[in-house]
Structures are given as structure tokens and as C-alpha cells.
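Participant: Kindly generate the corresponding structure for this input.
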Amino acid sequence: PFISIHPGRGCLASALLFLIILAGPSYGARPEPPALLPQTHLVEDGEFLHPYLPAFRTSNDGRVAIEVEDYYLKVYLLTPEKVDAPWHQSTPGTSKILSDQTPYRGGIRHYPDGERGFSHHFLCETTSDFPDADDQANPYACGANGQNDCYDLTHGGWQSTEGDAATRLWGTPMTVEVANPKTPSAQIVDVRLGTSVAGPLLPGPVFWEPMSTRDGRLLVGRLGHRTDVTWNNEHAGTTETGRYDLAYSLLEDGASDCDVQGWQQINPIAYAPYDPRMQGKYGIAAFPFRSGQGEPISATTVFGGTYPWVDRDGDNVFMTTLSTSLGEQAGQYPHRCVPGEGCIDNDDTARLKGVSVAGLWTQGRTVHIDNMLNNTDWGLPLDPAGHRMVTLYEQSNGTPVEVRVGAGGRHKDTHYPDLKGRTGNTSIIDSVENIFNHQKELQPRSPRDVVWLVSNGKATDELIFDDYMNPDGFIVSNMIASVSGRRLLYQDGRFGDIQLQNAAGALPDRWRTPSHGLLREGTGRAEAVALGGIHGRGVWLDGTNEVSYDIPSQPRDPKESDWYVSIFLDSRFADDGVLRNLVRYPDGTALALRGRSDLVFLRDNGNTVSNTVTLPMVLPTTGWAHIALQLSDRNRQITVYHNGFAFNTFRIDDGFFDIVPGQLVIGGEGGVGNQAGFHGWIDDFKIFAQQLNTEVACNHAGGTLIGIENNSNWQNVADLYPVEFHDTINQQVSASGRGSFNRYACYSDYSSVHGIDVKRPPAGAVSVREAINFPEGPVVFNQPRPDSSNNAFCLSCHQTGGKAGLGLDALTLNPDVIAMNDPRRQPLEHLRKVHGNIPEGWLDGRITAASQVGSEGFMLDPFLLNEAPPAVVPPPDDPPQATLNYTLQNRVWSLLTVPANSSAQTVTQLFEDDLPMSTYGQTWIIYTFDQLSQSYVIPSADSTLAQGDGFWMIQITGADVTIDLPADVPDGDSELSDVCASSVGCFSAPILTSQSASNWSLMGAPFSSPVDIAKIRVTSSNGICTGGCDLEQAKSQGLLLGEQWAYNQTSGQYEAISSASFLQPWQAFWIHVAALPAGTEVTVLIPKPD
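Facilitator: Modelled structure (predicted):
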């Protein structure tokens, strides 16, 4: 009998169909089924099985999207506001990310009359967070009353002549109009195309899978080895001719952005790190490329990948690398058609599978990605009729286990066109990067710092870059087979021994890393399906086989560094007291398991026991656990972690796990008593030459640290670990000033390949991640970024001489630039600003009123980065003297109100004679305060400032600026009443109240003369102040809380307005109203000077 996993929803029988094509390689006995068995075939019944974010080419804000490969222009709209659950838990398919799952008008015939269709497409524009003077600002308000958003884009389309003898790039101006922008109901209502511009005729075929960077200068694509390319090698001073696949073209200085007539010179991608025009501009030029085994890729190498995509900053290039098929390995993997799905034979053998990445964030090394993008190595189609039930595993009792496998890499799946919103080519790669990180549901779930959602034509998954960026990464082995040599050959055992990937990015002058992990032919296998690991693939050890890493000699003394070692284990043996090898180092020391309860530390090649520690809980069988060691003091001090939490520390004076030349071995037989090797699945074997903090150690175990307030389940977990280790964490958390807890835990979930969502700690617990990783934080929008130059966590990636943002200058304090204007943005930070319409209720309700913004953009940081006003201290000076002019000091905040009735005046009308409107939002800005949401709002240049409302204002033009009022602005409104203490009337300022919470309000006097503070009155609709109270009486009656605070820009401190006799023109103040019974109305009456 067979046990079938994911056989499909159909119930019809089908004949058993075995396709034995050739004997293929020998892999040894089949593994037992993994503990986690997600659906890797990706598609059933005309729908994706998981949430899918299509690999489209998009506008720079990620919203307007086009399909890459089709003769027609297929335009879509991405609507992140529709996503209403964490992405991995969202509705399968594209319905929650696309406005419409079919393209606008079903596709637009847009190529010039008499010409052939465009076969490959891309979009080009230059909207950015820190724009140059000639950059675009997409979108902009358009349509009736400016209620829609419009995008002015350049559509790039490649067109070849008959026989692909020559090709031409056309550029077509394209305006896309969107109704209800930035809302769940957003939709495209019009696409307008301008006159196409023809680029020069170039030799050879179409530049396939094109992508331009956000600056509109760099174009990357594929040539397909179809024609000779001649190019200048400025690095070597030679002219080269060759046939290449991955290639790029860079606009020369003087050419306009997105100019299709300027992309003429084609260079092979391997030349980018040697190209002086690329160096210092794009991250892909920061490091010479290396193969997956660290072999150098020269400037003239024919790099072995295909189907490229470069990210919007030009930092990393993605590519496909595999040409494997199930037919090649049929002898080892018996298979049959899926019952009820029909049966077609469509196993593709082209190099369309196996997504890899190389560039800045891998330090040049080619990393084969271990996640659902590489769901299988086999070229089985999306069409379920081409899926197969494959015998992958065998129960311990000998029963074979089948798993449904499909959607591997058939790039144009014409047999299965039913998927809604699909890319149309399974090999197309793209990512929204951090573009939608303003929305919590689309922020990464993984507890790491550099994570993107990346898609190809069949799947979307998170890609974590942290380990590849680490300059001290020594082994990062995610148990997927490696790609080696300039041709990126896949070392999965078809050619002999299996060579497992070591994706550590350390450069040879720092650490000489093992090229790969070796699994001898016939003793085991590299998984061909993304199963067997905690996420992605693992390796099965049967108690006799082993994975070995050849450790070379090092350029420095390894004992001068601390070392971290970790591994995931899924044990398949009894807690029987038998000693089993886990990890053996070439220095003769070893770590073994006794049963599933104890870790045994051995030396002298296994003949001497140095120490034995008992685990906090017995390792599960058929379930994952994580073991880690932190070694310090020349490898003599050892701290032991279980599931990301430390539980024992001790000393071995002779040292342990020293890095010396020789073989490092996982599993395998040998040692004292000829003990067995580990039996079960392993994954993510890592070694770093660093001391990790407690949060990062937990991250490597797939978790994040939490402080426990009231959660009995996690309290029980925490109680398994000694108090001293909780105290260590508590010292770190307390030192950051962000709380204190008696007990902590490494919050993780090994029951799902998705693990935890780092943004959502369990109920009754609090995340302490930032308190440990970023104690100098948080980043505050209106303050300089904190100095992180001594933060060990940051220094795990940033180093002296680091390239393209990875140097120490990215961490140092710049007191002259507030965070909102600092170009140094963290990888997961949201976009700095957006354009066009800003709808009410956007940003999870933080936006309380709709607005439209011009080219200056709408700044997101004030709403998404923590704000912290200056500390309240006693006033050192008197308030400024009365004047209708006000001097804004350079780089100094002022708390102001317009000393007139400004309700009919826009920001532009008020300040255009004093400050440049073209740089509003860049060199100067205003923040009003919304009483209802109790949050700041950035008014657009066309917005009005209500009379009596206060606001923050700052300018960074480089010199002090004096502002004044337009000549025709009247004094503020005033009205006589019995309560008003002025003979000429009072300005009434209503204050919103709440039954559940106190409320702040920011106000001032809309008058051109000083106001007697003693005459300000507060009235309430009930209680003692119905007849009016002065400020002190209102405070004593509990209507107001504390003082009313103004801000002195000279001292940079708050001052109680009671310290002075008069409120000066331009001077705003905070007033704090207590929580009051429902329906209570409170009004502040500011007397007009007589």
C-alpha cells in the first residue's frame, strides 16, 4: 500500500503510470516523511493554493503593474489596502492584492501600425524618496476635482525583426488613471498612450525579461546567447566579443532618464563589478560575482544564469539556474499521474527553474534560494494534468509515501491558462521589496532585519538576506544543493557526490569558507522538492551517512574571534541513552546526543567526555528543535541554547570547536564506542565568527524574544530555563528604558513552515526585540537618527570599508539631519513619501482627513516613525516679544499659530514669499495636530490652516528665515458673550472630549497683538465651569490636566504659559483636557486684545 500526501481534490481513479526513463543517480534508502508537509504543488482547481503576489513590472510605488511577456499590453493595479490579514494567512491567489484579476480592457494592442508586437515589456519612471530636480512625482491628482491618481510612465517594449536578426526598443508615454486611489476599491479607469519613440536597431534578438532601476538609468535583461556582442572592457583596456545571456545597458551621462534611444551599448552582467560607470552607483557592482561555491566570476565570463531581475536600486540580480527534470531521475523517484486530474507528459528540461541571487546583499556570492520559489527542481507544469504523485519517502515500517509534485518550471504553461492574475511565465521574477511596508499585513513575518517578499510566476515567499550579508558568515548551509562554476552547475548528485550549498558570504581575505557540504554518492540525497526542512529543504541522515565540510587554513587566528554554531534537528530515535554523533570538528572535539535528553561534549576524537548537559526538555521525535552554542574567550567559554534560549554556560579550559584545517562532520558513525550518527532530518547548519546577542540567537532559532506579562503557556516554557538567563535579558531590556519582566521566552512555532509573525506576539506577552537590537532607538521622524556605531547587532553587517550603504558611515550620528530627511533608510523601512491623493482612514486610520499633495509628496515618517516631543522642563527665558514677523531658525523646530484669520489661506499663500514651495516637504515642512486621532498631519501645499490651530514648523534651508503675513489677511474672529473677558470679544476654540481618555489640543491666538493670559477662559457644558473659569480654576476643578505648554525655539524646551503675562503673536500652546462624561462640551475663549 501507498500513503499519498496531497493527492488532489479529484476523486476519479486513474491508472498507475510509472515513467522509468533512465536509472539515474543512486541516493540510498528513502527518508522517512518530514514533520512538515506543506503543499508544494502550488496549484489546484484553477487557483493558487497560497497567497500570490504576481511577478509583474510595476511603477516605483508598486501599484501600476504590467505583465512582462505578451504581445498585448496587460495593465493591472496592485491594491495593498485589500489585504486584510497577515500575508501568509491571506486568501490564496491574487484576489486580495489585485484590484481586478483580469487586465484592464483585457490587454491593449499598442504597437505601431505595420510593426510586429512587443514580446517583452517593462515600465520606467523616476519617482523616488529623494528625488533629483528632474525626477517625476507619480502619481499626481487628476480627474474631476482631482479625486483620481494619474501616473505618467514610459512603457518599454522590445520588438524583433523576422528571424530575430535584429531588435529595437520602443518607448511609449503611458498615463494610467486610477479611481479611489489607495483604497480597497481602487481601480484603473483609463490608460492613455502617447506616440511611441523608436530606439536604434540593435543586432540579435529581443532583450528578454527587461527591468529598469528606479532612477531610469540601468536596464537589465537577457540575450539568450543568440548573437555576438562587442563591448569595451574599460577595466582591462580591451574590446571583447562574445555570446552572453545576462546583460545590462547603462545610459551615458547626458542622456535623459528612461530614454530608449540611449540604451545602445550592451555589457555582460559579469562585467558590472569591473565597470567604472557602475561602481559606486549600483550594488551589483560592489563585489565581483562568485559562484555558489565561491569561485570567482571574471568580467568576461558567460555567467550561467538566465531570466534575470534586478531590484529597483540595482543592488541584487536574481536569475534561474536549473535545467533538471523528473524524467532524468525517474529510477529513483517512481511516479504516476494524479488521480482525477488527467494525464499529460510535459516535463520541461530548459534552464527555467532554480531561482538564485547574487549581488550586494550576498557579497557577490550566488545563493540558491531555499524557499517556495524553488518548490521543486523538476519541470512539471502548472497544469494539474502534468502533476505527479511521486514516491518520495518511506515510513519506518517500509510503507512508501507519495507526495503530489507540480508547478515546477514550465515557463509558458499554455495548457493551463485558468489561473487568475498569473504572470504567464513561471520563470519571471520580481519583488515589491519594502514598498508596501507601510501596511502591517504586508510587512515580513520573519524575525530578521532584511526580508523581502519575492515572487516568480508560480509562488511568493519571504527571502531573508541577513545571513548572506554577514561579513563573518563561515557556514550558512540551508541543505539545498549548490550551484558551482561559471555555468552554475547544479550539484544535486546527478554527476556523482552531492554538494550542499554553503551560502556564507564572507570574503576570502576575512575568512576562507568551505565551498560546500559533501554528501557522498549513494549515501543520501539532496531533496528535489521544498520539503524536509524547517522551511524549505532539509537533509536526511540515517545514522550512518554524514555531511562534511572541508575547512581550509585561515588568514587570521580563529581563536581571536567568538563563534556561534547552530542547527535544526528533527530526531527519529528513542530517548534510549545511546550516544549519537551530531557535529565533529577537525580539532578532535565533538558534540553528541545521548538519547534525546543530553548534549555530550567530547574531545580527543571522542575518547574523553568534557561535559554533559541535560536539555530543558527532551527533543521531540518527528518534530523540530534547535540547538546552538556560543563560544567565547578563545573557545573556552561555552553557552548552550535550546530553541533559541540559553540554559547552560560552562568552561572547557582546553577549548572546544576550534577552527583548524580538516573536515567538519555532521552525523556519521565513529568515535568512542563506535557510536551511531544522528538519525533524522537536519536543516540550517550555521557558523558565524561573532558573538550574537540574545535576540539574534533566538532569531536563528526562528523566534523572537518576548517578555511575559500574563500568558500561562509561555510562562510554563520560560520556567524551564534557569533564572540567571532571564536576568541577563532583563538587564538588557531594562537598560533600554523599555520595561522590565520577570520571565522571558523565545517565541517560536515549529508546527508550521511559516513559523511566527514577528509583529504579533502572543496575547499577554510583549516583544522586546527592539529593546535588545536597537537600545539607542527608536528612530524619531523629527530627530536625528541615533548613533548606532557601537551597536554590535548593527556591526554584524556594517564594517569599516563596507560598500554601498554597508559601511560605518551608515551608523554614525548626523546631528544636522532629522530622520525624516536622512537618506540612510533601513532595509525594511516604508517608503519615505507618496504622492497624489491621500484618503481619509489610510494608514490604519491615522489619516483623519482626505488631502491631495503635489510634487512635494506626503511624508509617511510622522505617522509611522515614533515621535517624541522635547522633554518638559522649567522655562529658562521669557517668551519671545510681540512681532508680526517671526524668525525660523535653521534646523530648529517652532510651535506656532498664525496670528490672523488664516482659514481662507493655503500654505502656499501664507508662506510662498518667504520659503520655496518647490521644496515643501524637503527643506521645510508643517505638522498640524488632529484632535480626533490625537496624531500629527502633514497639510498639503494647497491645504488651509484653520484659524487658531497650532502647528509645528521647521526649515533646513541653511540659514534663518523670517516669515510674515500677507497684507490682506484679517485679524481672527471674535464674538462677545457673558463669559468672554474682553470688551471686543473672544475667539472660541472648541476642544474634543472623550469619556475614556484625556485629550490634547494644540491652539493659539489668531490675533496680531499680545493676549492677556489671565483673561483666557474655559467653559464646559456642565459642572462648575459653565460660567467660565480661568486656566488655574479649570485645572483645580479637574477640567484641565497640568500646565498649558508653549515651546521656546531658542532653548529647545517647553514652557508653561503661566510663567508669562501675555501670549505673544505666533505663539501656540498645548492644552490637556481630562476624560469627561459623555457629551461634555469644552471651549477655550481667547480674548481679543482691545
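Participant: If we ignore the residues flanking it in sequence, what's nearest residue 213?
Facilitator: Excluding the flanking residues, the one nearest residue 213 by Cβ to Cβ, 6 or more residues apart in numbering is residue 314, at 4.5 Å. All C-beta atoms are positioned from the backbone trio N, CA, C, and that covers glycine.
Participant: give the contact list for that neighbour.
Facilitator: Going by Cβ atoms under 8 Å, 6 or more residues apart in numbering, residue 314 touches 213, 218, 220, 281-284.
Participant: can you put those residues in a markdown table and add distance to residue 682?
Facilitator: What follows is the contacts of residue 314, written out as a markdown table (distance: Cβ to Cβ, whole Å):
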| residue | distance to residue 682 |
| --- | --- |
| 213 | 39 |
| 218 | 41 |
| 220 | 37 |
| 281 | 41 |
| 282 | 37 |
| 283 | 33 |
| 284 | 33 |
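Participant: ok, these vs residue 689, which is closest?
Facilitator: Top of the list for closeness to residue 689, among the contacts of residue 314 and by Cβ to Cβ, is residue 283 at 23.6 Å.
Participant: For the contacts of residue 314, work out which two are farthest apart.
Facilitator: 220 and 281 (13.6 Å).
Participant: Looking only at neighbour counts, state which of those two leads.
Facilitator: Set residue 220 next to residue 281 and count neighbours by other Cβ atoms under 10 Å: residue 220 wins out with 27 against 17.
Participant: The stretch 251-400 of the chain: strands as residue ranges?
Facilitator: With DSSP state E, counting those that start in this stretch, the ranges of strands along the stretch 251-400 of the chain come out as 267-268, 306-310, 316-322, 335-337, 353-359, 367-368, 388-394, 400-405.
Participant: And the first one, how far out from the chain middle?
Facilitator: The chain centroid and the centroid of strand 267-268 are separated by 29 Å under Cα atoms, centre = their mean, to the nearest Å.
Participant: That one - what's its average pLDDT?
Facilitator: With pLDDT averaged residue by residue, strand 267-268 scores 95.
Participant: Please enumerate residues in contact with that strand?
Facilitator: 229, 231, 242, 244, 246-250, 275, 299-303.
Participant: ok, of the residues you listed, which come out buried?
Facilitator: Neighbour counting with 16 or more other Cβ atoms under 10 Å marks 229, 231, 244, 246-250, 275, 299-301, 303 as buried within those.
Participant: would you turn these into a markdown table with pLDDT and distance to residue 856?
Facilitator: Output for the buried ones among the contacts of strand 267-268, formatted as a markdown table (pLDDT from 0 to 100; distance: Cβ to Cβ, whole Å):
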| residue | pLDDT | distance to residue 856 |
| --- | --- | --- |
| 229 | 88 | 43 |
| 231 | 94 | 41 |
| 244 | 92 | 43 |
| 246 | 94 | 39 |
| 247 | 94 | 38 |
| 248 | 96 | 33 |
| 249 | 96 | 33 |
| 250 | 98 | 30 |
| 275 | 97 | 35 |
| 299 | 94 | 43 |
| 300 | 91 | 46 |
| 301 | 88 | 46 |
| 303 | 85 | 42 |
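Participant: of the residues you listed, closest to residue 423?
Facilitator: The shortest approach to residue 423 among those belongs to residue 246, at 19.5 Å (Cβ to Cβ).
Participant: List the residues that contact that closest one.
Facilitator: Taking Cβ under 8 Å, 6+ apart, we find residue 246 in contact with 220, 222-223, 268-270, 303, 305-306, 308, 317, 319.
Participant: cool, residue 756 as well?
Facilitator: Going by Cβ under 8 Å, 6+ apart, residue 756 touches 445, 447, 702-704, 747-749.
Participant: Please narrow these to those residing in helices.
Facilitator: Among those, none falls in helices (DSSP state H).
Participant: By neighbours, which of those residues wins?
Facilitator: Neighbours here mean other Cβ under 10 Å. Within the contacts of residue 756, the largest count is held by residue 447, at 29 neighbours.
Participant: Next, the residues that contact the helix ranked longest in the chain from outside, please.
Facilitator: When the chain is parsed with DSSP H, its longest helix is helix 723-735. Helix 723-735 is contacted by residues 645-647, 693-694, 705, 707, 718, 739-744, 768, 771-772, 775 when judged by Cβ under 8 Å, 6+ apart.
Participant: Spit out the contact partners of residue 429.
Facilitator: With Cβ under 8 Å, 6+ apart, residue 429 has these contacts: 55, 209, 307-309, 318-320, 355, 373, 454-456.
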